[in-house]
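Asker: below is the sequence, then the predicted model.
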Amino acid sequence: MVTQEQRRRQLAREKFLRQQQRRTSARRKSRMRNSVIASVLGVIVIGSVVLYTTGALKNDDKANASSATTPSAAPSPSKAPDPCEKAAAGSVKKLSWKKEPAMTIDTSADYTMKLATTCGDIDVALKTAAAPHTVNSFDFLASKGYFDHTKCHRLTTNGIYVLQCGDPTATGSGGPGYTIPDENLKDKSLKGGVYPAGTIAMANTGQKHTGGSQFFLVYQDSQLPASYTPFGTVDAAGLKVLKKIAAAGESTGAGDGAPNATVVINKATVTKS
């Protein structure tokens, strides 16, 4: 027969076990809740980084970094004086072709490109042998006046540091009607996942072989995946022009928007050396 003292001890043990079970259950729920919160935060952070990095050089018909920031979250832009001159008289030509132009350049020769902009001349030594399709396309487009009077529509000043040009519509979604293959993605200049200052490379949609006419000029070393065709190097004077444009800032204040400087390519010329 169970004595009163034994019964008391049994009830105490049962009470202790119930308390332990409640505490264990509470700890388990807390761990699960914290795990969910950490996972959600991780997804948000990783998603933000991916949106910024992969979207930075895509056309505007794809997601880009500026769309990831709400207007209320963006800091107030601080607009510097426009350091550039008025654009030359003339208008953008509305040109389009159904296929990539036939190869007409001499791939064993040296070619240079001059971008005569409202902010100063940008001279580029083109990598003809390493990126023949790209250089041939630029030679073709420049000869047709495709880039003349076009506005450089995008400047990034946070994370990556580039000026993006080559869209006659100045919206980020324009192109020549054809695409060219990716080239020179193992260029020796692309070390450690960095596109060095002075690089000129093709923008794309994020998919392989989707380059058209849009390109970007790197004014400061930028961490980017090696998926954008590097096809030339800007000279020292041209790099100073790019830094002058960058110093004027961009329109949103968030690090990704239209340049405050009025950057217009008055004329683009490709020349065989």
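Answerer: Arrived safely. Numbering: from 1, shown residues only.
Asker: okay, CA-based contacts and neighbour counts for the rest of this
Answerer: OK.
Asker: for residue 270, what are its contacts?
Answerer: Contacts for residue 270 (CA atoms under 8 Å, 6 or more residues apart in numbering) come out as 111-114, 138-139, 142-143.
Asker: helix, strand or coil for it?
Answerer: strand (DSSP: H, G, I helix; E, B strand; the rest coil).
Asker: and if you look at residue 200?
Answerer: Residue 200 ends up strand, using three-state DSSP.
Asker: skipping its backbone neighbours, what lies nearest it in space?
Answerer: Distances taken as CA to CA, 6 or more residues apart in numbering put residue 217 closest to residue 200, at 4.6 Å, once the chain neighbours are dropped.
Asker: residue 87 too?
Answerer: residue 118 (5.7 Å).
Asker: what does residue 108 give?
Answerer: residue 129 (6.3 Å).
Asker: isn't the one you found right up against residue 107?
Answerer: Yes: here residue 129 lies in contact with residue 107, judged by CA atoms under 8 Å, at a distance of 5.3 Å.
Asker: quick one: end-to-end length of stretch 169-186, please.
Answerer: Counting by CA to CA, to the nearest Å, you get 31 Å between the two ends of stretch 169-186.
Asker: then stretch 192-211?
Answerer: For stretch 192-211, by CA to CA, the gap between its terminal residues amounts to 23 Å.
Asker: and that stretch, how far out from the chain middle?
Answerer: Relative to its parent chain, stretch 192-211 has a centroid offset of 8 Å by CA atoms, centre = their mean, to the nearest Å.
Asker: list the buried ones in that stretch?
Answerer: 195-206, 209-211 (16 or more other CA atoms under 10 Å).
Asker: looking at those residues, which is nearest residue 224?
Answerer: residue 195 (6.5 Å; CA to CA).
Asker: so for the residue lying closest to the closest one once chain neighbours are set aside, what's the pLDDT?
Answerer: In space, and not counting its chain neighbours, residue 195 is closest to residue 222: 5.3 Å by CA to CA, 6+ apart. The model reports residue 222 with a pLDDT of 98.
Asker: do the same with residue 36
Answerer: At residue 36, pLDDT is 38.
Asker: just residue 74 next, same as before
Answerer: For residue 74, pLDDT reads 47.
Asker: residue boundaries of the helices in this protein?
Answerer: With DSSP state H as the criterion, the chain has helices at 4-55, 132-143, 236-247.
Asker: wait, the residue nearest to residue 87 sits on residue 265?
Answerer: Yes: if you go by CA under 8 Å, residue 118 and residue 265 touch, sitting 6.6 Å apart.
Asker: relative to residue 176, how far out is the closest residue to residue 131 other than its chain neighbours?
Answerer: Leaving aside its sequence neighbours, residue 131 sits nearest to residue 183 (CA to CA, 6+ apart; 5.4 Å). Counting by CA to CA, the gap from residue 183 to residue 176 is 18 Å.
Asker: cool, residue 224 as well?
Answerer: 25 Å.
Asker: for residue 183 and residue 176, indicate the residue with more neighbours.
Answerer: Neighbours were counted for residue 183 and for residue 176 using other CA atoms under 10 Å; residue 176 has more, 22 against 19.
Asker: name the nearest residue to the more buried one, sequence neighbours excluded.
Answerer: Among residues not flanking residue 176 along the chain, residue 96 sits closest, at 4.9 Å (CA to CA, 6+ apart).
Asker: so who does the one you found touch?
Answerer: Neighbours of residue 96 in contact, by CA under 8 Å, 6+ apart: 175-178.
Asker: can you do 10 Å?
Answerer: 141, 146, 175-178 (CA atoms under 10 Å, 6 or more residues apart in numbering).
Asker: how many neighbouring residues does the nearest residue to residue 103 once chain neighbours are set aside have?
Answerer: Spatial nearest neighbour of residue 103, excluding adjacent residues (CA to CA, 6+ apart): residue 136 at 6.2 Å. If you count neighbours by other CA under 10 Å, residue 136 ends up with 23.
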